[in-house]
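Peer 1: build me a model from this:
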Amino acid sequence: MKNVLGDNLTLTLFGESHSEYIGATLDGLTPGIKIDEDYIKHFLSLRRPCCKMDTPRVEEDEYKIISGMFNGYSTGAPLTIIIPNKNVNSDAYTDLETKARPSHADYAAYCKYHGFSDYRGGGHFSGRITAPIVALGAICLKALECKGIKIGTHIYKCGSVVDKEFDSDKEIDLVNNKKVPLINNLEEDLEKEVLKAKENKDSIGGIIETMITNLPAGLGDPWFSSIEGKISNSVFSIGGVKGIEFGKGFGFADGFGSELNDEFYLDNGTVKTKTNNNGGINGGITNGMPITFKTAIKPTPSIGLKQNTVDFINNKEVELEIKGRHDPAIIRRICVVITCITAITICDLLITRFGEDYLK
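Peer 2: Alright, predicted model coming up:
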């Protein structure tokens with residue numbers, strides 16, 4: 001089981017949904033970064049369940065930094081954070097030791113780990129493991145903010161609800177301070193869509209949009225370490241993600257070069273493009289314009305309706321009715337996760353190009 005992301009700044013995850021602790025380590029972090037614990041708590045609160053659209057399982061996420069910090073600053077040693085799991089109910093999962101939940105990792109995990117993986121609450125595959133990603137990602141976000149670089153994610157589409165697309169730094173600040181990250185005031189409409197699915201014992205997915213501003217031009221490589229490749233690798237590491245597109249993405253298939261090429265111009269001596277259909281990336285390398293990408297989020301696989309599946313231990317077809325505490329939609333809570341894992345990836349790219357002290 002490989003749990004390491006990154007080249008020169010690496011993220012390592014550990015723990016399971018119902019284990020005593022979950023946690024993560026950042027290795028290669030610039031020494032001398034101020035650790036703003038209120039900032040960490042804020043971003044953890046954006047991920048935490050808070051409304052009818054979320055799971056009833058609410059963890060306080062009382063994290064503890066056990067290495068890599070001294071007198072409030074990063075030391076340059078591996079920075080490790082642990083978060084206790086307190087609100088667990090493993091009894092709801094006793095029936096799932098042998099039965100594959102449709103669209104979950106249960107059967108695939110059994111095949112890979114020969115039945116030894118912890119199945120309770122999804123074990124190491126659970127969305128619960130994203131909490132330490134958010135905590136460490138918040139440290140990276142703060143370091144990037146000090147360099148003028150901002151990252152934010154909002155709900156772009158869920159059911160019939162469609163938000164506007166990003167077009168400014170101010171909108172990043174807006175969504176990074178909202179429990180329901182929408183640019184327009186569509187919270188009530190979104191809740192209706194999600195609760196409609198919940199009432200039907202079903203779930204719903206959607207599309208989120210992320211924007212990164214003020215990155216220097218020249219990050220990334222043309223082939224196997226392109227910006228798209230690095231970000232996609234990180235984003236696809238998060239459970240529930242099933243698709244990604246940069247800039248216009250699949251919209252390029254429906255137009256002409258004359259319509260979709262981004263023409264260059266000079267703005268007080270700075271090279272910019274009149275449009276940003278390529279999402280701030282040319283040839284796998286940043287061009288100085290904002291990076292934009294959209295991510296497709298699947299409906300939560302755990303639903304209350306009866307479904308057909310297989311008992312893979314007893315080799316028979318069965319019906320399954322899932323119990324436990326689950327989100328009818330993960331689209332609200334996943335936004336901050338995508339923001340934070342993107343921040344870790346961007347920090348890795350900057351350290352790789354400019355050196356370990358770049359973020360200081």
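Peer 1: so, low pLDDT: which residues of the stretch 1-150 of the chain?
Peer 2: Within the stretch 1-150 of the chain, the ranges that satisfy pLDDT under 70 run 1, 88-95.
Peer 1: please redo it, this time with the cut-off set to 80
Peer 2: 1, 55-58, 87-97, 121 (pLDDT under 80).
Peer 1: show me where it has its strands.
Peer 2: For the stretch 1-150 of the chain, the strands defined by DSSP state E, counting those that start in this stretch occupy 4-5, 10-15, 21-27, 64-67, 69-70, 73-74, 79-84, 150-158.
Peer 1: would you reformat these as a markdown table and include distance to residue 227 and mean neighbour count?
Peer 2: Just so you know, the C-beta spots here come from the backbone N, C-alpha and C atoms, and that holds for glycine as well. Formatted as a markdown table, those follow (distance: least, Cβ to Cβ, whole Å; neighbours: other Cβ atoms under 10 Å):
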| stretch | distance to residue 227 | mean neighbour count |
| --- | --- | --- |
| strand 4-5 | 15 | 15 |
| strand 10-15 | 18 | 20 |
| strand 21-27 | 21 | 22 |
| strand 64-67 | 30 | 14 |
| strand 69-70 | 30 | 16 |
| strand 73-74 | 25 | 18 |
| strand 79-84 | 25 | 21 |
| strand 150-158 | 13 | 24 |
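Peer 1: adding distance to residue 269, write those strands out as TSV.
Peer 2: Formatted as TSV, the strands of the stretch 1-150 of the chain follow (distance: least, Cβ to Cβ, whole Å):
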stretch	distance to residue 269
strand 4-5	37
strand 10-15	38
strand 21-27	37
strand 64-67	43
strand 69-70	41
strand 73-74	36
strand 79-84	39
strand 150-158	23
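Peer 1: distance check, the closest residue to residue 19 other than its chain neighbours against residue 183.
Peer 2: Excluding its sequence neighbours, the residue lying closest to residue 19 (Cβ to Cβ, 6 or more residues apart in numbering) is residue 85, at 6.3 Å. To residue 183, residue 85 is 34 Å away according to Cβ to Cβ, to the nearest Å.
Peer 1: show me which positions of stretch 244-261 end up buried.
Peer 2: The neighbour-count check on stretch 244-261 (16 or more other Cβ atoms under 10 Å) flags 244-249, 252 as buried.
Peer 1: likewise stretch 108-118?
Peer 2: Within stretch 108-118, the residues that count as buried by 16+ other Cβ under 10 Å are 109-110, 117-118.
Peer 1: widest-spaced pair of these?
Peer 2: Within the buried residues of stretch 108-118, 110 and 118 form the most distant pair, 11.8 Å apart (Cβ to Cβ).
Peer 1: which residues do these two both contact?
Peer 2: With contacts defined as Cβ atoms under 8 Å, 6 or more residues apart in numbering, no residue is shared by residue 110 and residue 118.
Peer 1: can you give me the strands for the stretch 251-360 of the chain?
Peer 2: All strands of the stretch 251-360 of the chain, identified by DSSP E, counting those that start in this stretch, fall at 264-267, 270-273, 281-282, 285-286, 291-297, 307-311, 316-320.
Peer 1: comparing those strands, which comes out most buried?
Peer 2: Most buried of those by mean neighbour count (mean count of other Cβ atoms under 10 Å) is strand 291-297; its value is a mean of 23.
Peer 1: can I get that one as CSV, trimmed to CA atoms?
Peer 2: This file holds the C-alpha atoms of strand 291-297, laid out as CSV (Å, rounded to 0.1, in the frame of the first residue of the first chain):
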residue,chain,number,x,y,z
ILE,A,291,-5.0,27.9,-13.4
THR,A,292,-8.6,26.7,-13.5
PHE,A,293,-10.0,23.2,-13.5
LYS,A,294,-13.3,21.4,-12.9
THR,A,295,-13.7,18.1,-11.1
ALA,A,296,-16.5,15.6,-11.4
ILE,A,297,-17.7,14.2,-8.1
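Peer 1: what's the angle from it to strand 150-158?
Peer 2: 40 degrees (axes from the mean of the first three to the mean of the last three Cα atoms, to 10 degrees).
Peer 1: about what we covered before: hmm, the residue nearest to residue 19 is touching residue 20, no?
Peer 2: Yes: between residue 85 and residue 20 there is a contact at 6.5 Å, judged by Cβ atoms under 8 Å.
Peer 1: who has more neighbours out of these two?
Peer 2: Between residue 85 and residue 20, counting by other Cβ atoms under 10 Å, residue 85 is the more crowded of the two (20 against 11).
Peer 1: in the buried residues of stretch 244-261, find the pair that's most separated.
Peer 2: Farthest pair in the buried residues of stretch 244-261 (Cβ to Cβ) is 244 and 252. Separation: 14.2 Å.
Peer 1: so what sits opposite residue 34 in the bridge?
Peer 2: Beta-bridge partners for residue 34, by DSSP bridges, are residue 73.
Peer 1: nope, residue 293 is what I was after
Peer 2: residue 210, residue 246.
Peer 1: how close does residue 59 get to residue 18?
Peer 2: 11 Å.
Peer 1: need the residues touching each of the two.
Peer 2: Counting by Cβ under 8 Å, 6+ apart, the residues touching both residue 59 and residue 18 are residue 85.
Peer 1: hang on, the earlier thing: ok, the buried residues of stretch 244-261 vs residue 279, which is closest?
Peer 2: The closest of these, once distances to residue 279 are taken by Cβ to Cβ, is residue 247, at 2.8 Å.
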